[in-house]
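Peer 1: Dropping the sequence and predicted coords here.
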Amino acid sequence: MIWRSIFRILSPRGGAGRVSILIFHRVLPVTDDLLPDVPDARLFETRMRMLRDSCNVLHLSEALDRISAGSLPERAAVVTFDDGYADNHEVALPILRSLGVPATFFIASGFLDGGIMFNDQVIEAMRNASKSEIDAAWLGLGTLPIAGAEAKRAAIDRILGAVKYLSFDERRDAVVRLVDAAGAKLPDDLMMTRTMVRAMELGGMQIGGHTRNHPILARMEPAAARAEIEGGKADLEQILGHPIDLFAYPNGKPGRDYTREHVIMAREAGYRSAVSTAFGSVGAGADLYQLPRYTPWASSNWRYQAQFAANLLRTPELAAANASAAGH
Ligand SMILES: [Zn+2]
């Protein structure tokens with residue numbers, strides 16, 4: 001298999017090894033017109049089978065242990081999921097278990113048992129809208145048509161673009177107004193229950209923190225950001241009954257979504273390591289509190305593997321030290 005040979009060259013065993021950390025959010029039971037970029041069960045199973053056959057898939061904690069011991073296997077890879085969607089338990093878990101692929105799930109604890117994230121509020125409001133258009137002039141978007149999947153997708157993209165980087169409170173209020181305008185009822189079963197979180201762990205998966213409410217940390221007051229990081233950890237530890245030591249920054253782009261200040265907070269909260277969404281792979285000497293992650297998106301297998309290989313050659317971007325962190 002040609003890709004195994006290429007990956008072996010790019011990520012050899014031992015001290016020069018590199019780990020590719022993949023990031024997923026949802027796995028749908030079947031394809032969804034409003035979520036064209038989200039894999040369904042069949043595509044996810046194909047990708048996981050390919051990964052298992054071309055790489056050595058490890059738990060993130062084992063990969064970290066082996067990086068520090070200089071004992072990585074060749075072609076090392078890690079699978080991670082962010083946010084805590086119920087489909088991770090319903091759809092992804094059985095596939096991962098049947099293939100013997102371990103994964104780490106970073107869960108925003110504030111949405112467990114019936115919560116819904118702001119992006120899903122927008123998506124589900126458009127899906128379930130009782131209107132054929134929606135007034136979004138107050139967001140600078142005019143009147144948006146929302147009849148049919150294509151119009152709904154376009155409206156979702158424009159609305160998410162307009163509200164994503166509002167302050168936490170402004171964003172919450174804007175989304176409430178949109179859901180109201182759409183006259184939509186929202187689902188309450190998109191995210192995991194506490195029972196599912198425990199079942200993931202019993203099923204051999206690892207659980208990590210992802211704050212409580214998934215704020216953009218860089219847009220918050222430091223005390224509020226610290227409370228989110230520490231609170232999410234405490235919630236999950238209470239559910240699982242033991243410490244957790246892996247963290248993922250919400251959104252995760254260095255410098256934009258989190259800064260050096262939040263890297264320090266994650267360490268002080270007692271996390272052992274944290275992952276970002278910067279591209280690249282992890283080798284000896286990596287910043288353990290800013291591990292890059294990547295997921296190839298090409299639909300053809302060949303291009304998917306080529307993207308995977310190219311990512312092994314990228315130098316990850318890190319959050320630079322900033323003025324507020326300089327005093328620490
Ligand atoms: Zn997230």
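Peer 2: Yep, it's here. Residues are numbered from 1 along each chain as shown.
Peer 1: quick one: the residue in the chain that the ion sits nearest to and residue 208, what's the gap?
Peer 2: Residue of the chain nearest the ion, by CB to the ion: residue 82 (3.9 Å). Where you see a C-beta, it was placed from the backbone N, CA and C, and this is true even at glycine. Look at residue 82 and residue 208: by CB to CB, to the nearest Å, they are 9 Å apart.
Peer 1: Residue 161 now?
Peer 2: Separation of residue 161 from residue 208 (CB to CB): 28 Å.
Peer 1: who's more crowded, the two?
Peer 2: For residue 161 versus residue 208, neighbours defined as other CB atoms under 10 Å are more numerous around residue 208 (26 against 11).
Peer 1: My read is that the more buried one contacts residue 103, right?
Peer 2: No - here residue 208 does not reach residue 103: they are 10.5 Å apart, not a contact under CB atoms under 8 Å.
Peer 1: who touches both of those two?
Peer 2: Both residue 208 and residue 103 are in contact with residue 80, where contact means CB atoms under 8 Å, 6 or more residues apart in numbering.
Peer 1: near the ion, which residues of the stretch 51-200 of the chain show up?
Peer 2: Applying CB under 5 Å from the ion, we find that the stretch 51-200 of the chain lies next to the ion at 82, 83.
Peer 1: can you map out the strands along the stretch 51-200 of the chain?
Peer 2: Using DSSP state E, counting those that start in this stretch, the strands of the stretch 51-200 of the chain run over 56-57, 76-83, 104-107, 133-135, 143-145.
Peer 1: what about residue 65, neighbour count?
Peer 2: Using other CB under 10 Å as the criterion, residue 65 is surrounded by 13 other residues.
Peer 1: follow-up on the earlier one: contacting residues around the closest residue to the residue of the chain closest to the ion other than its chain neighbours?
Peer 2: Distance criterion CB to CB, 6 or more residues apart in numbering; nearest residue to residue 82, sequence neighbours excluded, is residue 106 at 4.9 Å. For residue 106, the contact set (CB under 8 Å, 6+ apart) comprises 80, 81, 82, 83, 84, 208, 209, 210, 246, 247, 248, 275.
Peer 1: Could you double-check that residue 304 sits in contact with residue 310?
Peer 2: No - the criterion here is CB under 8 Å, and residue 304 misses it with residue 310 at 11.0 Å.
Peer 1: between these two, which one's more packed in?
Peer 2: Neighbours per residue, other CB under 10 Å: of residue 304 and residue 310, the larger number sits with residue 304, 19 against 13.
Peer 1: which secondary structure element contains the more buried one?
Peer 2: In the assignment (DSSP states H and E), residue 304 maps to helix 301-311.
Peer 1: list the buried ones in that helix?
Peer 2: By neighbour count on 16 or more other CB atoms under 10 Å, the buried set for helix 301-311 is 304, 305, 308, 309, 311.
Peer 1: wait, isn't residue 275 in contact with residue 252?
Peer 2: Yes - the criterion here is CB under 8 Å, and residue 275 meets it with residue 252 at 7.1 Å.
Peer 1: shared neighbours, these two?
Peer 2: Common contact partners of residue 275 and residue 252 (CB under 8 Å, 6+ apart): residue 293.
Peer 1: from memory residue 184 sits against residue 129, does it?
Peer 2: Yes - with contact defined as CB under 8 Å, residue 184 counts as touching residue 129 (5.0 Å).
Peer 1: OK, contacts around residue 173?
Peer 2: Counting by CB under 8 Å, 6+ apart, residue 173 has no contacts.
Peer 1: any idea how far it lies from residue 179?
Peer 2: 11 Å.
Peer 1: With residue 200 instead?
Peer 2: Residue 200 is 29 Å from residue 179, by CB to CB.
Peer 1: And for residue 196?
Peer 2: Distance of residue 196 to residue 179, given as CB to CB: 25 Å.
Peer 1: Then residue 190?
Peer 2: Counting by CB to CB - residue 190 and residue 179 are separated by 14 Å.
Peer 1: Kindly report the same for residue 32.
Peer 2: Distance of residue 32 to residue 179, given as CB to CB: 19 Å.
Peer 1: higher neighbour count, the two?
Peer 2: Set residue 32 next to residue 179 and count neighbours by other CB under 10 Å: residue 179 wins out with 20 against 14.
Peer 1: That one: what's it in contact with?
Peer 2: Residue 179 neighbours (CB under 8 Å, 6+ apart): 121, 125, 186.
Peer 1: pretty sure the first one is in contact with residue 186, am I right?
Peer 2: Yes - under the criterion of CB under 8 Å, residue 121 lies in contact with residue 186, with a separation of 6.1 Å.
Peer 1: per-residue pLDDT, residue 243?
Peer 2: pLDDT, residue 243: 98.
Peer 1: which residue sits closest to it in space, ignoring its chain neighbours?
Peer 2: Counting by CB to CB, 6+ apart, residue 243 lies nearest to residue 237, which is 5.8 Å off, once chain neighbours are set aside.
Peer 1: Hmm, residue 245 and that neighbour touching each other?
Peer 2: No - using CB under 8 Å as the test, residue 237 is too far from residue 245 to be in contact (10.0 Å).
Peer 1: Let me see the domain layout of this protein.
Peer 2: Split into domains by automatic domain parsing, the chain comes to 2-113+202-326, 118-182.
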